[in-house]
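Asks: Okay, here's the prediction I keep looking at, along with the sequence it came from:
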Amino acid sequence: KAGVTQTPRYLIKTRGQQVTLSCSPISGHRSVSWYQQTPGQGLQFLFEYFSETQRNKGNFPGRFSGRQFSNSRSEMNVSTLELGDSALYLCASSFLGTTTDTQYFGPGTRLTVL
Amino acid sequence: KQEVTQIPAALSVPEGENLVLNCSFTDSAIYNLQWFRQDPGKGLTSLLLIQSSQREQTSGRLNASLDKSSGRSTLYIAASQPGDSATYLCAVRIQGAQKLVFGQGTRLTINP
């Protein structure tokens, strides 16, 4: 069974631009979560989607948004990029996103904002 | 607010040693605790998941324990190998929220 895939793996953008990241979960998984990882703040939760609905959201500004499609693939969008948005963005999938589910992470998208 | 702490931040040991990594959390109202491994520049690999009702889980050379009442978990690695070198992260799933709260990780180096 293929793992979680994320595209692209690397991105370089300039301040003020916007970016869209994509995540394909493990086949059969319906829950997708997004995390931001930076050296200073570590791993922080962005949001979680289940059956095309956002179920939970972390403490990030409205510039960060996401969506999930009917095939469970998810996209994350960041508008008006700032230097501090440079990070590794990880998505994780689980079967139902219940409290007993194991979350499986993808390899991440490394975003650099210049 | 749940806070997860991992000590030490870095650890270097010779190959073959048994070692313990520590994780503590401030709020015992958790659903489960998960240990991950992260290689440089890569994503996270799930190692062990311990439900709140469990005391420990084992997988190969790895054993994780959970003491919810004291807010502590340990990851025991037996007979360490250079391939075990990575950053190890623990994360708790807190009640009332579908998210993981992570520690800052322990960077482990196994010297041949």
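Replies: That came in fine, so what should we check first? Treat the numbers as computed from the prediction; the structure is a model and nothing was measured.
Asks: which bits of chain A sit near chain B?
Replies: Contact residues (Cβ under 8 Å from any Cβ of the partner chain) of chain A with chain B: A:4, A:6, A:31, A:33, A:35, A:42-45, A:48, A:50, A:55-56, A:58, A:88, A:90, A:92, A:97, A:99-100, A:102-108, A:110. All C-beta spots, glycine's among them, are computed from the backbone N, C-alpha and C.
Asks: Among those residues, name the buried ones.
Replies: Buried by 16 or more other Cβ atoms under 10 Å in any protein chain shown: A:4, A:6, A:31, A:33, A:35, A:42-45, A:48, A:50, A:56, A:58, A:88, A:90, A:92, A:97, A:103-108, A:110, out of the residues of chain A next to chain B.
Asks: re the thing from before, cross the residues of chain A next to chain B against strands and list the overlap.
Replies: If you go by DSSP state E, the residues of chain A next to chain B have A:6, A:31, A:33, A:35, A:42-45, A:48, A:50, A:55-56, A:88, A:90, A:92, A:104-105, A:110 in strands.
Asks: Could you grab the helix/strand/coil label for A:Gly84?
Replies: Three-state assignment for A:Gly84 (DSSP: H, G, I helix; E, B strand; the rest coil): helix.
Asks: Give me the neighbour count for it.
Replies: Residues within reach of A:Gly84, counting by other Cβ atoms under 10 Å in any protein chain shown, total 10.
Asks: go on, B:Ser65?
Replies: Around B:Ser65 there are 18 residues (other Cβ under 10 Å).
Asks: And B:Gln38, by the same measure?
Replies: B:Gln38 has 21 nearby residues by other Cβ under 10 Å.
Asks: isn't it right next to B:Ala91, touching?
Replies: No. The pair B:Gln38 / B:Ala91 is not scored as a contact, 11.3 Å apart, by Cβ atoms under 8 Å.
Asks: ok, for residue 7, nearest residue in space, not its chain neighbours?
Replies: Using chain A. A:Ser22 (4.9 Å; Cβ to Cβ, 6 or more residues apart in numbering or on different chains).
Asks: switch to chain B, that's the one I care about
Replies: Once flanking residues are discounted, B:Ile7 sits nearest to B:Asn22: 5.3 Å by Cβ to Cβ, 6+ apart.
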